[in-house]
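Asker: With the input below, show me the fold.
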Amino acid sequence: MAIRAFISVDIDDPAILREIIKLRDLVVSTGVPMKPVEDENIHLTLRFLGNMPETLVDEIYNLMKSIKFNEFTIRIKGLGCFPRITRPRVIWVGVSEGAKELKRIRDELERGLRRLGFRPEKEEFVPHITIARVKGTRNLPTLIKILDEYRDYDIGSMRVKSIKLKQSILTPKGPIYRTLREVLAE
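Answerer: This next block holds a predicted model:
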């Protein structure tokens with residue numbers, strides 16, 4: 001059976017999560033048509049796996065366990081968007097401190113996933129936490145103003161204590177994420 005999956009760092013610090021939610025709600029309040037990420041689904045994706053055979057779960061878990069990392073701090077800072085400010089599609093909060101360690105973990109995951117038959121991702125990995133997906137252009141100047149105003153906004157720091165393999169179950173009310181496996185820092 002196929003499942004839709006990804007590997008992530010959960011935002012499990014309640015104070016950090018509250019700040020991200022406040023910023024997301026501010027972005028949503030601009031009136032630009034968008035789909036905000038649900039509170040319980042806010043996370044940092046290390047690698048989206050897409051639809052994959054459920055039989056690969058244990059192999060991916062073994063790969064995740066082979067990546068050695070100590071607990072580390074990430075600073076969540078800055079509001080931004082992809083692909084560009086004049087045509088935002090994905091609204092995110094960024095990562096400043098800890099980005100190198102996230103990239104190292106991601107690069108090791110990528111090498112192992114290629115050996116398991118996953119195609120490499122086209123885009124360069126930029127650590128970020130998606131908070132909304134833009135669906136239209138109404139009120140765009142208001143959103144651009146908020147993006148500009150909060151581009152250096154410092155949300156705070158949190159410890160990364162684990163990485164998780166998650167299943168994404170798509171429903172009409174939005175995705176439901178379920179943790180399949182978790183690897184703790186050393």
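
Asker: how close does the residue most central in space within the chain sit to Asn139?
Answerer: Nearest residue to the geometric centre of the chain (Cα atoms, centre = their mean): Leu44, 2.6 Å. Going from Leu44 to Asn139 by Cβ to Cβ, to the nearest Å gives 28 Å. Glycine gets a C-beta too; all of them are placed from N, C-alpha and C.

Asker: Check what pLDDT the residue nearest to the centre of the chain gets.
Answerer: Turning to Leu44, the model gives it a pLDDT of 98.

Asker: May I have the beta-bridge partners of it?
Answerer: Here Leu44 sits in beta bridges with Val9, going by DSSP bridges.

Asker: Check the chain for its longest strand and report it.
Answerer: Looking across the chain with DSSP state E, the single longest strand is strand 72-84.

Asker: C-terminal to that strand, what's the next element?
Answerer: strand 87-95 (DSSP states H and E).

Asker: How far off centre is that next one?
Answerer: How far strand 87-95 lies from its chain's middle: 11 Å, per Cα atoms, centre = their mean, to the nearest Å.

Asker: so what strands line up beside that strand?
Answerer: Partners of strand 87-95 in its sheet, by DSSP bridges: strand 72-84 (antiparallel), strand 128-134 (antiparallel).

Asker: residues contacting the nearest residue to Leu56 once chain neighbours are set aside?
Answerer: With sequence-adjacent residues excluded and distances taken as Cβ to Cβ, 6 or more residues apart in numbering, Leu56 is closest to Leu116, at 6.4 Å. Neighbour list for Leu116: 56, 59-60, 63 [criterion: Cβ atoms under 8 Å, 6 or more residues apart in numbering].

Asker: picking up where we left off before, for the residue nearest to the centre of the chain, give me its contacts.
Answerer: So, once contact is read as Cβ under 8 Å, 6+ apart, Leu44 ends up touching 8-11, 74, 95, 102, 127-129.
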